[in-house]
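Engineer: A structural model of the following input is requested.
(2 chains)
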Amino acid sequence: MATSTRDPQLKFEPWKDPDAQPYVRIERVTKKFGDFVAVDDVSLGIYKKEIFCLLGASGCGKTTLLRMLAGFERPTAGRIFIDGVDMTEIPPYERPVNMMFQSYALFPHMTVEQNVAFGLKQDRMAKPEIARRVADMLEMVKLGQFGKRKPHQLSGGQRQRVALARALVKKPKLLLLDEPLAALDKKLREHTQFELINIQETLGVTFIVVTHDQEEAMTLSSRIGLMNHGEIVQVGTPTEIYEYPISRFVAEFIGSVNTFEGRLVEDEPSYVRIEANDLDQPIYVDHGVSSAPGATVWAAIRPEKMQMSRDRPEGNDNWTVATVRDIAYMGDLSIYLLRLPSGKIVRVTQPNVERHAAERVTWDEQVYLQWDATSPVVVTK
Amino acid sequence: MVSLGQRVNFWIEDALGAVVRSPVGTQLRRWGVTGKALVASVPYFWLLLFFLIPFVIVLKISFSDSQIAMPPYQPLFSWASERVLEIKLNFGNYLFLVEDNLYWKAYLNSILVAGVSTLLCLLIGYPMAYAMARSGTSIRNILLLLVILPFWTSFLLRVYAWIGILKNNGLINNALMALGVIDQPIQMLQTDFAVYVGIVYSYLPFMILPLYANLEKMDLTLLEAAADLGCRPWEAFVKVTLPLSVPGIIAGCLLVFIPAVGEFVIPALLGDPGMLMIGKVLWTEFFNNRDWPVASAVATALLLFLVIPIMFLQRAQEAESGGVHR
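Structural biologist: Numbering: from 1, shown residues only, chains lettered A, B, ... in the order given. Now for the predicted structure:
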């Protein structure tokens, strides 16, 4: 998680500070293409030095929102402020914003150095200063020896870093990254994620990242804005989004989750009890839920928060019997697919702490599944 | 969508493949002949038959003496005696080209006319190709069709039609006089102007098509990247679009310049009879003077004039792109 790479003494949470002003303010922005509403009445505040991820499936409007920040698209309605200045009518070439394109969009007829120097030359900066900054930047992205190469002579990962250097060399107030890691293979992607965070912390530039990859969003971001059908569904830190999803959509989009539809049977300020359609025992949750008794709710339980055991648990709630249908051994953990008596398939992950596998639960075995009262998240939509 | 050319290629490949698979084909394959190799060899065979062999004949004639006979030149090879083969190479025809400044002037004038025409084609054709490449897909195909449409009428007829437009009591002069802009017709036919109009009109599609093909496949996010880095639209054009379209510009210019240098029909029909063009000189030497050796020398020299700079250009371009494109 992103927080682990930051200084634990100085918690970076400007959004909790009531006096802090957002650096980027998106106010009720809507974008329509003909009848199609790509971005629907979105308001967002993004703070200085954040890595803010816009996460969503393809077609959810995240790229359109990014392109409006860059100035390539004009909002149909609403305004965009960056550092207090209204940017809505400003063309892209006058915005203090740079973008790293998904395809990298490196100029094929220029060398790596010329690509990186392009924006500085455009600003009529003095030649020695350009040379110095280009060299520094290439050093930072570890491409010092590749300055004279053309883009087609570089690997995908090297091109990605040229694109990053070219976008950062102008020291923009805001860097927009469109699927920055999508074109890299898995190993390189993980490595580059941490490099990106390091560079961002060194330069202190505010990043807005568009991605469809939840893992990428979880690792990179200070906060995530989850989008669906042009709307922002939830904004929060990776932990908040994962542990406290506000709806079934959020819970199911991020990671895997087992959702149980049910009815509130006991609704107290300090606990609730839910009668789930697929479970014989009720679900007991140790916090209150703001919903009317009898209302339909969903209890979402993450696979790693369920335990399997061969002994029948004590008590009358938060457990069920289940049969192992499938086991996927992933090395560090195993994924078990279990069938409940109702037929519902439940997913459970267990870390493989011990190397010896003799005592492990196996195919077609009947086990008891249980979870803590703190584990389920209750959502009402 | 498969283009007609591709489809024809498939047919040929099928037919040749059938040959290769037949019992005869088993023998052919043993010699390393495959359907693919046969298809690839068709254009080479074509060029060998209709370009290289005729050129060797022309080259041969250019080194012989003229005589009043049929054919009007002396053979290059003759048997001096039973065992001695005599080869007579006459370099006089080439020397003649250098000595008589008529040829020099004709060459230079042709290159000038072709050069100016090429430049005009580029200036007119680039914006057209650009507009086509950036228009919507449905309109784009119509515009492309309009560029190709003139080829459905004979080249000769189209040039003839310009006589009707440009002559003293032609379309333009009559219209201008009817409107009262001029009292006397403007002499346009049989001037250099008419030749330029004819060449630019006839060769414009050859400039537009390679430029369009180049501009159409350009990645438009490059322009967004340029804008993002601080380029106004026209700066992005100069710094990104224009340099990236250089291969298209070169291809278009060569396709216009090379045939324009040797152009005969357009200056003959529209130009001043006194206008010196190498194509006309060639025609005169061949048909009026019946001096085939000198005509052949003119043709060979013209070919060298054109081929050598093109080879250098190609070499330079290969070095520039580093061999591979993206």
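Engineer: Please parse chain A into its domains.
Structural biologist: Annotated domains of chain A cover A:2-96+A:172-248, A:256-379 [automatic domain parsing].
Engineer: Turn those into TSV, columns for distance to chain B and mean neighbour count.
Structural biologist: Using the backbone N, CA and C atoms, a C-beta is placed for each residue, glycine as well. Converted to TSV, the domains of chain A look like this (distance: least, Cβ to the nearest Cβ, whole Å; neighbours: other Cβ atoms under 10 Å in any protein chain shown):
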stretch	distance to chain B	mean neighbour count
domain A:2-96+A:172-248	4	18
domain A:256-379	35	16
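Engineer: Nearest approach to residue B:299 belongs to which of these?
Structural biologist: Among the domains of chain A, the nearest to residue B:299 by Cβ to Cβ is domain A:2-96+A:172-248 (53.9 Å).
Engineer: Could I get the average pLDDT for stretch A:371-381?
Structural biologist: Computed over stretch A:371-381, the mean pLDDT rounds to 87.
Engineer: sorry, that was for stretch B:290-301
Structural biologist: 89.
Engineer: ok, back up a step: could I get the domains of chain A as JSON lines with distance to residue B:57?
Structural biologist: Listed next are these as JSON lines, based on distance: least, Cβ to Cβ, whole Å:
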{"stretch": "domain A:2-96+A:172-248", "distance to residue B:57": "57"}
{"stretch": "domain A:256-379", "distance to residue B:57": "76"}
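Engineer: Which one, of those, ends up nearest to residue B:281?
Structural biologist: Nearest to residue B:281, of the domains of chain A and by Cβ to Cβ, is domain A:2-96+A:172-248 at 54.5 Å.
Engineer: next SSE after the host helix or strand of residue A:336?
Structural biologist: If you go by DSSP states H and E, residue A:336 is part of strand A:333-339. Going down the chain from strand A:333-339, the next helix or strand is strand A:345-351, by DSSP H and E.
Engineer: now that next one and strand A:333-339, what's the angle there?
Structural biologist: Calculated by axes from the mean of the first three to the mean of the last three Cα atoms, to 10 degrees, strand A:345-351 forms an angle of 160 degrees with strand A:333-339.
Engineer: Who does strand A:345-351 pair with, and is each partner parallel or antiparallel?
Structural biologist: strand A:333-339 (antiparallel) (DSSP bridges).
Engineer: Leaving out the residues flanking it, which one is nearest to residue A:81?
Structural biologist: Ranked by Cβ to Cβ, 6 or more residues apart in numbering or on different chains and with sequence neighbours excluded, the top spatial neighbour of residue A:81 is residue A:25, at 4.1 Å.
Engineer: that's a strand at that neighbour, yeah?
Structural biologist: Yes. Assessed by DSSP: H, G, I helix; E, B strand; the rest coil, residue A:25 belongs to a strand.
Engineer: Let me see the contact set for residue B:277.
Structural biologist: Applying Cβ atoms under 8 Å, 6 or more residues apart in numbering or on different chains, one finds that residue B:277 lies in contact with B:106, B:109-110, B:113, B:263-264, B:267, B:271.
Engineer: Up against chain A, what does chain B have?
Structural biologist: Taking Cβ under 8 Å from any Cβ of the partner chain as the contact definition, chain B meets chain A at B:219, B:221-222, B:224-232, B:235, B:239-240, B:243-244, B:322, B:324-326.
Engineer: Mind checking which of those are in helices?
Structural biologist: When DSSP state H defines the helices, the subset of those inside them is B:221-222, B:224-228, B:235, B:243-244.
Engineer: a markdown table for those residues, including pLDDT, distance to residue A:126 and neighbour count?
Structural biologist: As requested, those are exported to a markdown table (pLDDT from 0 to 100; distance: Cβ to Cβ, whole Å; neighbours: other Cβ atoms under 10 Å in any protein chain shown):
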| residue | pLDDT | distance to residue A:126 | neighbour count |
| --- | --- | --- | --- |
| B:221 | 93 | 30 | 17 |
| B:222 | 95 | 26 | 20 |
| B:224 | 94 | 27 | 20 |
| B:225 | 94 | 24 | 29 |
| B:226 | 95 | 21 | 26 |
| B:227 | 94 | 24 | 23 |
| B:228 | 93 | 22 | 28 |
| B:235 | 93 | 19 | 14 |
| B:243 | 94 | 24 | 13 |
| B:244 | 93 | 28 | 18 |
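Engineer: Can you give me the distance of the residue nearest in space to the middle of chain A to residue A:164?
Structural biologist: Chain A has residue A:217 as the residue nearest its centroid, 2.6 Å off, counting by Cα atoms, centre = their mean. With distances taken as Cβ to Cβ, to the nearest Å, residue A:217 is found 18 Å from residue A:164.
Engineer: Please work out the residue of the stretch 151-300 of chain A nearest to chain B and name it.
Structural biologist: residue A:152 (4.8 Å; Cβ to the nearest Cβ).
Engineer: In the chain, where is pLDDT below threshold?
Structural biologist: All of this is about chain A. Residue ranges of chain A with pLDDT under 70: A:1-10, A:357-358.
Engineer: nope, chain B please
Structural biologist: B:1-21, B:24-25, B:28, B:319-326.
Engineer: Just the closest of the contacts of residue B:277 to residue B:308, please.
Structural biologist: Once Cβ to Cβ is applied, the member of the contacts of residue B:277 that ends up nearest residue B:308 is residue B:110, at 16.0 Å.
Engineer: Phi and psi next, for the residue of chain B positioned farthest from its centre.
Structural biologist: Most distant residue from the mean C-alpha position of chain B: residue B:82, 46.7 Å away (Cα atoms, centre = their mean). Phi and psi for residue B:82, reported as degrees, to the nearest 10, are phi -60, psi -30.
Engineer: where's it relative to residue B:40, distance?
Structural biologist: With Cβ to Cβ as the criterion, residue B:82 and residue B:40 are 45 Å apart.
Engineer: Kindly report the same for residue B:284.
Structural biologist: Residue B:284 is 41 Å from residue B:40, by Cβ to Cβ.
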